[in-house]
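Colleague: What shape does this take:
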Amino acid sequence: MAEKFRKIVNAPHKAFGRARKNIAKMTPTTKKGKAARAAGVAMTGMFQFLLWAVKYATLDNHATRAMERGFANMTVGKNKDGKDKKLSAFAKKYPNLSSHMLYYMMLGAVAIAAPHAYDALTNGGDENDKVESIAEIPFGQPGTYGAYLDRMRSITPLLIADLIAKEGVHMDDQGRHTPYKDSNGIPTIGFGSTVLKDGSKVTMNTPPISTEEAYELARWHLEQGETYFVMYCYDVAMEKVNINTTSEAFGMASIVYNSYSKLIENPKDKSHKKRFEKLREIYDQYGLATPDSLVMDAFTQYPVKDMRSFGEKWLGGAPVQTTANMLGNFLADGRGMYWRRWLEAGMLTGDITPEMMLDCPANGMYEFFKVMKEKKSAFFIGDGEKRRVNKETYARFKEWLANPVNERGERLGEKNFPRVRNLLPADVRVMCESGHCKLGDVEFIAQFTATPAQQEAETASYVIGYDEQYRQAVGAFRAGDYDGALAQYLKMAEEYPNNALIHNDLAATYNQLGRYDDAIKHARIIINEIGDKSQYGAAQYNAGFAYEQKGDLQKALANYKLALANGNRRVQKDITRVSNQLKKNQRGGTKKSRRTAYMDASKKLGNNAHSADFDVTQFGRGGRGMA
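Modeller: Numbers count the residues shown, from 1 in each chain. The predicted structure is shown next:
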C-alpha cells in the first residue's frame, strides 16, 4: 500500500519532469523555436518543482515515512481485558494512513499556535529588552506637522548656536549655567530660556543647570513652540513657498523665532489674526498630528491679505537675495536691529554659513557690531526701495572670525568669549562637525535621540529644583509601590500643576491601580489645559490603555492612533491588537480576554512612532486631541 501510495503521489511531478526533458531534447532552428523551447523548459521545470514541494510538504516526506515505519514495526499493546489496543492495532494495520493523519494533526496544531507564539514573541518578554531593541526615531506621519518638524530638527543646533552668538551665556566655575537678567531685565537661564518645562518662570533663584539641560530647554522651546509651526503653515498653504535648503530654513527660523510672523504680514490685519488664532487652536488639539488639510482650510477661510514688504517677496517666490534685501525695511527698533537683520539676511542667502555661527564667540555678534562702529551703512546700503544688504561686510565678518577682537583691537579670549561650538553638548557638536546639522538629516535624529545624555536631560529638565523628589517617586513606581508613587506624584502636581511629565506619571500610576477614569483625567489635563506637545504621545497612550481596560475599544483605538501620530512609535502594536479585536467583535467573534500585562507607561514617555499614512477623519474634530 505504501509503495503504491508513493507511486501515485509522485506521478504528477515526475510527469512534468519527463516533459521537461523531452522539450529540452528538441532542436529547433529558428529563433522563435529556440525561445519557445527555453520557455517550455522553464515552465515545466517550475511546475515540476511546485508539485514536488506540495507533495513533500503534505503527502510524502521524511517525517511521514519515519512515522510509517514506526507504526509498521511497533508492538501492539494489550488492554486490561487482554485484547489488542484498538488504536495501536489500527496504526499497525494501516501505517501509511495513520502516519498521515498524525502528520496533519501536527500541522493543524502548529497553524493554530503560530499566531499566539508570534504575539508572545513580539509583545511579551521583558520590558527592558524591548527598550533596547527598538530604535527611538521620531518619524512623523506623512501629511502632518510631525513630518515637517522631522525635517527641521537637524537645524535646531544652528538656531541655538545663533542664540549663543547673540546673547552669550552665564556659567559658574563648575561649568553650570546660572540665572541672569537679559537686556530687558527678564531672568533667563541657559541659552535664552525664560520659562521652564513645568510652566514656571525662571527666577534669579533657579538652580544651576548642566549644558545638556540648557540645550534641552532651548530645543524644547524651539521644537514644541511655534517657530517651526509658523514656517510649516506658510510652507503648506502658500503655493510659492518651498523651504528646501538649509540656508533658507536657518534664516526663516531665526526670523520667525525673533519676530513671529510680523515681518511677513501686518500683525493688525484681521484675517491674519483670526487665521493664527484658528491655527493655534488646531495645534493645541492635535499637536504633531496636525494635518496639512486643516492648515490649508484655515488659509482658505482667512486668506493672506496685507503683506509686509518682506512677506510680499517671500510669499511671492522672489529671488532669495531680493527677499533678504527687504529685511532692511525693519530697522526702526534701534541700532541693534542693523546687525540682527543683516545676520538674518545672510543666513537666508547662505552668506552666513552654519560653520561661521559655530566659530563665532559667545555674544560675539555685539562685539563685531562695535568693531563696525555701529554704523547702519556697514550692514545695509541705500534707502527706501533701493536699500540692500551690504554683502562686503560678510567677507569682513569671516575675516574677523579667524581673529576675533573688540573695538580696541584686543583679542577676545576663549575664557570670556568661548566659541559657540565649544558651548554645545559634546554629542551635538560632533554631529554638527560631521555634517549632520543640515535640513532633513535623518541620521541626526537617530543619533541625537539615542544619546544617554539627551535622554537624561530630557527628563531632568522637567524637574529642575525637585529632581530628587521625582527620582524617589519613580523608584517607588518601579518597585511596584504604586500607592507610594501616587502620593509623591500628587504632591508634586499640586506644587507644579503645569508639569505635563508629572501628569503622565500620574496617569500611568492610576492605570496600574486600575483607576482608569483618573488616568483619563490626567491625560486630558495635558492636552486640554497644559498643551505640552512633547507629552501628547504618552498622554494619548495612557488614555488609550485606560479606555481599552474599560472596554471602550473605539476610543482606545482613536487615542492610540493619535499617540502614534504624535511620535509614540511603540503604540503600533496596540493599534494592531485593538483593530483586530474590533474586527472580531464585528464578526461576532469571541470576547477578548483582558490583557494580563501592559507596557509600563512611565517608560513610554518620549517614545516615538512611524506607521501608515495619517488620516484625520479617523478621529473626528470634536474634543481636544481625544483623551
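Colleague: only C-alpha atoms for contact and neighbour calcs from this point on.
Modeller: Noted.
Colleague: so residue 262 sits in a strand?
Modeller: No - counting by DSSP: H, G, I helix; E, B strand; the rest coil, residue 262 falls outside a strand, being coil.
Colleague: dump the residue contacts of it.
Modeller: residue 308 (C-alpha atoms under 8 Å, 6 or more residues apart in numbering).
Colleague: heads up, I number from 45, so please use that
Modeller: Let's use 45 as the start, then, which means that last one is residue 306.
Colleague: Quick check: it vs residue 509, distance?
Modeller: Between residue 306 and residue 509 the computed distance is 36 Å (C-alpha to C-alpha, to the nearest Å).
Colleague: Give me the contacts around the strand or helix carrying residue 533.
Modeller: Using DSSP states H and E, residue 533 falls within helix 526-539. Around helix 526-539, the neighbours that count as contacts under C-alpha under 8 Å, 6+ apart are 513-514, 516-521, 543, 546-547, 549-550, 553-554, 556-557.
Colleague: By neighbour count, sort out the buried ones in the residues you listed.
Modeller: Among the contacts of helix 526-539, those scoring as buried are 514, 517-518, 520-521, 543, 546-547, 549-550, 553-554, 556 (criterion: 16 or more other C-alpha atoms under 10 Å).
Colleague: Determine which two of those residues are furthest apart.
Modeller: Greatest spatial distance in the buried ones among the contacts of helix 526-539: 543 and 556, 20.5 Å, computed using C-alpha to C-alpha.
Colleague: would you put the C-alpha positions of the next helix or strand after the helix holding residue 533 in PDB?
Modeller: Sequence order places helix 544-556 as the next helix or strand after helix 526-539, per DSSP H and E. Taking C-alpha atoms only, helix 544-556 is exported to PDB below (Å, rounded to 0.1, in the frame of the first residue of the first chain):
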ATOM      1  CA  ALA A 544       3.000  67.500  31.900                       C
ATOM      2  CA  LEU A 545       5.500  64.800  32.700                       C
ATOM      3  CA  ILE A 546       4.100  64.600  36.300                       C
ATOM      4  CA  HIS A 547       0.600  64.300  34.900                       C
ATOM      5  CA  ASN A 548       1.700  61.500  32.600                       C
ATOM      6  CA  ASP A 549       3.300  59.700  35.500                       C
ATOM      7  CA  LEU A 550       0.000  60.100  37.400                       C
ATOM      8  CA  ALA A 551      -1.900  58.600  34.500                       C
ATOM      9  CA  ALA A 552       0.400  55.700  34.300                       C
ATOM     10  CA  THR A 553       0.200  55.100  38.100                       C
ATOM     11  CA  TYR A 554      -3.600  55.300  38.100                       C
ATOM     12  CA  ASN A 555      -3.600  52.700  35.300                       C
ATOM     13  CA  GLN A 556      -1.500  50.400  37.400                       C
END
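Colleague: centre of the chain versus helix 544-556, how much separation?
Modeller: 21 Å (C-alpha atoms, centre = their mean, to the nearest Å).
Colleague: what does stretch 492-502 give?
Modeller: For stretch 492-502, the distance from its own C-alpha centre to the chain's C-alpha centre is 14 Å (C-alpha atoms, centre = their mean).
Colleague: Stretch 490-503 too?
Modeller: 13 Å.
Colleague: Tell me, please, the helix or strand in this structure that averages the lowest pLDDT.
Modeller: helix 171-177 (a mean of 30; mean pLDDT, DSSP states H and E).
Colleague: Report the mean confidence score over the helix or strand just after that one.
Modeller: Past helix 171-177, further along toward the C-terminus, the next helix or strand under DSSP H and E is helix 189-196. Averaged across helix 189-196, pLDDT comes to 94.
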